[in-house]
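In: Sharing a model prediction with you, sequence too.
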Amino acid sequence: IACYNHLSNYYVANKQSSQALQHLIECKDVISDAFGPGHHKLIQPLLSLANIYNETVRDYETARTLYEQILEIVAQQKTATSAYNHVRIECLHGLSRIYLEHNTDYKQCLLLLEKQLALIPNIREDAHNLCQRIDVYHDMIAV
C-alpha cells in the first residue's frame, strides 16, 4: 500500500497524472479487497484520486463522488481525530470549489464553506488555522 502511495506521489510531483491515477486506483482496489469498502485506510488514496480528478483531469463528477465517499468513511469512524478533521476540511474545500466554479450552485457552495469554517479551530495564536479561516472567508466573498 505504501509503495502505491509513494509511486503515485512521485508521478504527481512529475506531472504524470495518468500514471498516478493508475497506482492510486490499484492501491484503492487492494485496500478495498483486503479491508472492505469503508475502511479508513482508503481515505488517503481516495483523497489523492479526488484531488487529481478535480484539479488535473477536471472530471468534477468523479471528484465529487470521491469526496463524498471519503466524508462517509470519516463519518463512520468511532474516534474523532485532528487527522480526520483535516480530511473533512480538505473534502469540503474540494466540493465547495466544484460547486463554485463548475456547478455554479452558490447556495450549496456557501453551505459547504460554512461547514468547513466550523471545523477550523478559532485559535488566534495558531497561524495555520488563521490562514485556513482567511482562505474560507476569501472563498465566501467570491461567492
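Out: Structure received. Note that the coordinates shown come from a computational prediction; the quantities given were computed from them, not determined experimentally.
In: so what's the residue sitting nearest the centre point of the chain closest to, chain neighbours aside?
Out: Taking Cα atoms, centre = their mean, the centroid of the chain lies closest to residue 91, which sits 3.4 Å from it. Leaving aside its sequence neighbours, residue 91 sits nearest to residue 67 (Cβ to Cβ, 6 or more residues apart in numbering; 4.4 Å). C-beta here means a position set from N, CA and C on the backbone, and glycine is covered the same way.
In: after the helix or strand hosting the one you found comes which helix or strand?
Out: When elements are assigned from DSSP states H and E, residue 67 belongs to helix 60-76. Using DSSP H and E, the helix or strand that follows helix 60-76 in sequence is helix 82-101.
In: Would you mind pulling the contact partners of the helix or strand following that next one?
Out: As assigned by DSSP H and E, the chain's next helix or strand after helix 82-101 is helix 106-119. By Cβ atoms under 8 Å, 6 or more residues apart in numbering, the surrounding residues in contact with helix 106-119 are 85, 88-89, 92-93, 95-96, 99-100, 133, 136-137, 139-140, 143.
In: neighbour-wise, which of those leads?
Out: Of all the contacts of helix 106-119, the most densely surrounded is residue 95 (26 neighbours; neighbours counted as other Cβ atoms under 10 Å).
In: any idea of the pLDDT on the closest residue in space to residue 56 that isn't next to it in sequence?
Out: Leaving out its chain neighbours, the residue that sits closest to residue 56 by Cβ to Cβ, 6+ apart is residue 17, at 4.4 Å. On pLDDT, residue 17 comes in at 89.
In: same check, this time on the one 10 residues further on
Out: The model reports residue 27 with a pLDDT of 92.
In: Point me to the residue sitting farthest from the middle of this structure.
Out: Taking Cα atoms, centre = their mean, the residue of the chain most remote from its mean C-alpha position is residue 125, at 25.8 Å.
In: which helices and strands does the least confident helix or strand in the chain by mean pLDDT pack with?
Out: Taking mean pLDDT, DSSP states H and E as the measure, the chain has helix 2-13 as its least confident helix or strand, at a mean of 84. Here helix 2-13 touches helix 17-35, helix 43-52, going by 3 or more Cβ pairs under 8 Å, 6 or more residues apart in numbering; DSSP states H and E.
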